Structure formats: C-alpha cells, structure tokens
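Undergrad: Quick one, structure for this:
(chains A and B)
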Amino acid sequence: MSSRRWGSVSSTLLTAAVVLIGLGSATPAKAQDIASIEARVARLQERARALEAKADSIAAANRRRFAGTLDSVEVGSFKVLADTAMMKDVRRAATLAWTALTGVFGDSASMLLHDRTFVAITDAIVDSAHTDLRWHATLGTPVLAPREDRVRGLAMNLVSAAYESFWQRLDPAMKDWISSPLLPTLEPGKIPGNSYVEVVTAGSPIARECFSGTLSACRRSLGFDRPADPAAAWYSAAERRALVDRLSFSLRSGTDRDAHARCLHMGSDSACSALLAANAELVPAILSGMTRGTFLVTALRKGGSGALSRLLESSGDSVSTRIERVAGTRLDVVLAEWRASIIDARPVKTRLAASSALTSMFWMACLLTLALRSSRWR
Amino acid sequence: MFNAIFYTQWKWSRLLLLVATFAGLAIPLVSIQSINEAYGNFEVVHTIQGYGIGYPLLAACLGLLLSLTAWGSDHRGRHVYALSLPIPRWHYVMLRYISGLLLLLAPILAVWIGGTLATHFIKIPAGLEAYSGSLAVRFALCALLAYTAFFAISAGTPRTAGIVLGIGAGLVAAQVLLSAAGIEVQLLKPIVDGLFIWPGPFEIFTGRWMLLDV
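TA: Okay, the predicted model is just below:
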C-alpha cells in the first residue's frame, strides 16, 4: 500500500520536473549585453590597477625597509651589502670566500671582482611575491644568503660569481681545452674525490699509467697536444668498440652504416678505428673538463702572485706552454704536483673503519643496557 | 626456554625475514646488472653508488620491523606471559634480543652471498676492487644497531615509546612552523648531526656503500 502511494508521489514529482525543464528550455535565453560586458571589463581593469598600485606600494615599502637596514662589509676585494641583522654571518662568509679565492688566484683575485658590489639577499626576499630583484640589482650583484648553512652558502655563491667572471675572461683556446667552467670550491688546496675516481677508472690505459707515475701519460691524459687520430692513440681495441657503441647516435647519422655494423656486431677493430678516425672530433678526451680544471687550478696556485695576469694576458702559444708560463715552472713539475694532489684526493674508502665499527658496538651496548633495565611492570 | 622464544619469534617474523633475505640477495646482484652498458668505470662507480642507498635502508627497516615483531605479542598480551615466567626481567629481555640477533643472520648472509656472487661472475673492471665482505660486515653492524635501538624503545612502556616518538615529531613540527614563520632557527640540524656524525650512534649508516670501488 505504502509502496504504491510512494510510487504515485514520485511519478508526480518526475512529471513536475519534466514540465519545469520544458518551460525553462522554452524561455528564450537572455542575450549578452555588450555595454554591460564593457562596463564589467572596465571595472576589472580598474581593480587590477588598484591591486598593482597596492603591490607597488608594498614593494616600495619593502625596498625602503631593506635600504634602511643595509650595511656594508669589505673583506679583501669583496664588498657586500646586507641587512644589519646578518652582518656577522656575511662577514664570515666574505672572509671564507676571499680566503678560498686568493688560495687559487692569489692577490690577483681582485681582478675578477672588478670593484663589484654584492647584495646579500635572503630566501625570504627571493620568495616574496612583492620582490623586484631588478631593484636589488641596481644596488649591486644580488647573491643568495641561504637560510640553511648561511655562511658557507653565501661564501660559495660569492666564490661562484668570481669563478664565472674568470670563465668569461678566459680566451677561446683555453676554454676549448678545459671544455667546462671550473668548479668553484671553498677548499682550494683540495681536489674533489671525483677526479681521483676518474683518473683511476678512466677508459684509457694512459690514465692508469698516469696514476702509476708516468708523467708523459698524465700529459696525454690531460689532452695537451691532441693527436690527429685520438682513438688510435689513446684507446685499446675493446675501448674503441665501446666508444663506437657509446657514440652510436652521432656516428650513425652521416657515416658508413656498414662499418658501424661490422664494428659493433662483428667486432671488427679496423671498422671501429676507421669510424672513429673519420669522426676524430667526437672522440672525448681521456679526462673530463672537471679534472682538466683541477690541473689549471694547480698551475695557478703554483704560479702564485701574478699567475692570473699571466694567464689572461698570454695567448697564441699552445695551452701547455701557456700553463708553464702561468705556473712559472716546467710542465712536468706541475704535472707531478697535480698527480700528488689527485692521489691525496682519494675518497673515503669503502672498507669499514675500525673507529666506526667500535663506535656502533659501543652504542649497541648502551642501548641494550637500557633495554635490559626496562621494567616488567606496565 | 630459549628454543621456545626463538621458535615463536621465528614464526612471527618469517615472512619479513624471507622478504629481507631476498632483498639482501637482490640488491648487490641488481646493482651490477648495468655495468656492461656503462661507458667507463667512472659511470660504473656512480651506478653502484646509486644502489648503495638500498643497504642502509634495508638494514634500518629490518631492524625496526624485527624489533616490533619481537615485542608485539608481549604488548598485545600486556606482558602477562613475561610475568608468568620464573626468570628475571633482564633474562627474558636477553632471550628475546638474542633470538632476534640470530634471525638477523639470514639477511646478513644474503647480502654477503649476493655481493660475492655478483662480483664473482663479472669481470671487475681494471682499477676497481670488490668490497663484498666489508659491505656485508657494515650491513650487519647497521642492522644490529637499528634492531638494538628499536628493541630498546619497544622494550620500554608504550608511554616511553610515545615520549621518544613525540619528541621527534614535535621537533620536526616546530622546525616546519619556524621555517614557515621565517624564523631562522635550526632545531633539527644539530640533532641530526649529533646522531649521524662520528661519534654519533648512527654514523655507520652514512658514507659510501659500494660493492665495487676504487
């Protein structure tokens, strides 16, 4: 009975809904009024202008506040503007950066700064929606003073700015030899562990000879005096095949496809050699630009005061001759020093240190004692 | 009594141990799969280094889960079983701890066997050395340390565990709030440094975990 009554109620509702929808669709839609749209656009534009004006006034207030709290620090040739609240950190960062820079370039490091003024800005300034960094740039070169590890972070950014300037001032021949910008570092006397790994594990046996102490091999590994056919001079048959495999994409387009197939599928060394000889410019140097950069840093450090000027002023001669001039000594002396630094850069060994093992056992004993002293009552 | 405790712990944790043993065997074997495709040994070292994170993660997870399974039944039974035994508390804790240590042997051996097999069946590139033994010893120490740390927390009352976890979570939350408010105070860094830099307890977890290295 009730279900029948519910059925009749629902069918009435359904009928009413259909009638309403029908009436609604039969009524003509109200046409869009151009005048009202234009008025609405004008209102929106006015609102946008008001918001822009508000944003400008906030930015101006921020700038006034920032400018009002600015102070400057001068360490060596670094001049850094920063908020007075972080002057202590900025001074420490600038000192660290200047020490690192003079460790490589000596007193000539000031040449890289061109009397530039840096403006230390915090993450909060960078993240703010109202910040216009173009305004900060009118005060000097903005450098980030990160929230985390501020002193080292800011020091690294200052050093990076100087290294960028160094890279821009290098001549094309020297840039071509190094092939990638020098890695900025806060520890100029220390070569990164990656360079050690690279020398020890390089594809060519020449790098391993260098590691064993043959300085002529170091010279070849660093890419001085690049031969006409570097693949034949630097790599073994297996390495040439691996190189063809590696360079497949570049070699396949435009060279002998048959030679490519014979090299990779039939293991023909003559085919591999011919392919690589025909594309000698694609054959990579034994050691990367990062590691060649460490050699240049060694030469600059060896050359001491004036080394940077000698580097920037020299041109025309071969890279090796120029590096001798920069270091103020024979290339072999620099090579020997660089090799010694590479060996010192050996990364922490994978083998477990006794101190680590003993420390972990000590902590295990402490934790177990705590567990043994736990109460049986809950 | 030890046999009974060891057997029950084995029953509770055998699935976990199976998975961990399989993972311990697999990580070294998988890590060397792509070295034939590597251009040079430098790339080999980097690939192996990428897989290195798997060992400390496995050790930490294994230690945590094994300690939880060791004490889970006691917590559920409100420690009545332990109270009913005619042995002092420290003796009971020691039995549970040693049972867990013995159970850890399977995944540790798996890491060693996996590393040895992985380095046995490939031609190790010139200039590189295999470190399967030292890797397994380090994994063993990490797993034991993680197990002991979580075992000590679980052995306490739920209140103690709550306090330890609450302090940790509170510090993280406070750091997030401070950073969001633009207040530059480092709460976590000194604590993390103290835990993970020598002579901190978890220093052994850090560093390079390499099956093949220079």
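
Undergrad: Residue A:74: what secondary structure?
TA: Under DSSP: H, G, I helix; E, B strand; the rest coil, the three-state class of residue A:74 is strand.

Undergrad: Now do the contacts for it.
TA: Residue A:74 is in contact with A:80, A:94, counting by Cβ atoms under 8 Å, 6 or more residues apart in numbering or on different chains. For every residue, glycine as well, the C-beta is placed using N, CA and C.

Undergrad: Read off the pLDDT value for it.
TA: The pLDDT attached to residue A:74 in the predicted structure is 92.

Undergrad: For residue 189, which non-adjacent residue is closest in space?
TA: I'll assume chain A. Using Cβ to Cβ, 6 or more residues apart in numbering or on different chains and skipping residues adjacent in sequence, the residue nearest residue A:189 is residue A:103, 6.4 Å away.

Undergrad: not quite, I wanted chain B
TA: The spatially closest residue to residue B:189, leaving aside those adjacent along the chain, is residue A:148, at 7.6 Å (Cβ to Cβ, 6+ apart).

Undergrad: Could you double-check that the one you found lies in contact with residue B:192?
TA: No: taking contacts as Cβ atoms under 8 Å, residue A:148 lies outside contact range of residue B:192: 11.8 Å.

Undergrad: Between the two, which has more neighbouring residues?
TA: residue B:192 (14 against 11; other Cβ atoms under 10 Å in any protein chain shown).

Undergrad: Please, which helix or strand holds the more buried one?
TA: helix B:188-196 (DSSP states H and E).

Undergrad: so what does that helix touch, helix or strand wise?
TA: For helix B:188-196, the contact count by 3 or more Cβ pairs under 8 Å, 6 or more residues apart in numbering or on different chains; DSSP states H and E identifies helix B:158-180 as packing neighbours.

Undergrad: Burial check on the residue of chain A found nearest chain B, number of neighbours?
TA: Nearest to chain B in chain A, going by Cβ to the nearest Cβ, is residue A:201, at a distance of 3.0 Å. Residue A:201 has 25 neighbours, counted by other Cβ under 10 Å.

Undergrad: residues contacting it?
TA: By Cβ under 8 Å, 6+ apart, the contact list for residue A:201 reads B:40-42, B:44-45, B:125, B:127-128, B:214.

Undergrad: nearest spatial neighbour of it, skipping sequence neighbours?
TA: Going by Cβ to Cβ, 6+ apart, residue A:201 has residue B:41 as its nearest residue, at 3.0 Å.

Undergrad: For the stretch 151-300 of chain A, list the residues in contact with chain B, please.
TA: A:196-198, A:200-203, A:208, A:211, A:242, A:246 (Cβ under 8 Å from any Cβ of the partner chain).

Undergrad: Could you find the lowest-pLDDT member of the residues you listed?
TA: Minimum pLDDT for those is recorded at residue A:203 (75).

Undergrad: For that one, which three-state class applies?
TA: Residue A:203 is classified as coil under three-state DSSP.

Undergrad: how many other residues sit next to it?
TA: Residue A:203, neighbours per other Cβ under 10 Å, totals 25.

Undergrad: Thought residue A:239 was touching it, still the case?
TA: Yes: using Cβ under 8 Å as the test, residue A:203 is close enough to residue A:239 to be in contact (5.0 Å).

Undergrad: Contacts only, for residue B:194.
TA: residue B:200.

Undergrad: likewise residue A:113?
TA: Each residue near residue A:113 by Cβ under 8 Å, 6+ apart is listed here: A:77-78, A:162, A:165.

Undergrad: now swap in residue A:97 and tell me
TA: Residues near residue A:97 by Cβ under 8 Å, 6+ apart: A:75, A:78, A:154-156, A:158-159, A:162, A:186.

Undergrad: Check residue A:85 too.
TA: Residues near residue A:85 by Cβ under 8 Å, 6+ apart: residue A:69.

Undergrad: now do 10 Å
TA: A:69, A:71, A:122, B:184 (Cβ atoms under 10 Å, 6 or more residues apart in numbering or on different chains).

Undergrad: do the same with residue A:209
TA: Residues in contact with residue A:209 (Cβ under 10 Å, 6+ apart) are A:215-218, A:220-221.

Undergrad: Make JSON lines from those and add secondary structure and distance to residue B:13 to it.
TA: Listed next are the contacts of residue A:209 as JSON lines, based on DSSP: H, G, I helix; E, B strand; the rest coil; distance: Cβ to Cβ, whole Å:
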{"residue": "A:215", "secondary structure": "helix", "distance to residue B:13": "59"}
{"residue": "A:216", "secondary structure": "helix", "distance to residue B:13": "61"}
{"residue": "A:217", "secondary structure": "helix", "distance to residue B:13": "55"}
{"residue": "A:218", "secondary structure": "helix", "distance to residue B:13": "55"}
{"residue": "A:220", "secondary structure": "helix", "distance to residue B:13": "58"}
{"residue": "A:221", "secondary structure": "helix", "distance to residue B:13": "53"}
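
Undergrad: Now residue B:64: closest residue in space that isn't a chain neighbour?
TA: With Cβ to Cβ, 6+ apart as the criterion, residue B:64 has its nearest non-adjacent residue at 4.9 Å, and that residue is residue B:150.

Undergrad: Surely the one you found touches residue B:66?
TA: Yes: counting by Cβ atoms under 10 Å, residue B:150 sits close enough to residue B:66 to count as a contact (8.1 Å).

Undergrad: These two: which has the busier surroundings?
TA: Of the pair residue B:150 and residue B:66, residue B:66 is the one with more neighbours under other Cβ under 10 Å, namely 26 against 23.

Undergrad: Report how many residues lie close to the closest residue to chain A within chain B.
TA: For chain B and chain A, the shortest gap (Cβ to the nearest Cβ) falls at residue B:41, measuring 3.0 Å. Neighbour count of residue B:41, defined by other Cβ under 10 Å: 24.

Undergrad: Contacts only, for residue B:145.
TA: Shown in contact with residue B:145 (Cβ under 10 Å, 6+ apart): A:359-361, A:363-364, A:367, B:59-60, B:63, B:201-205.
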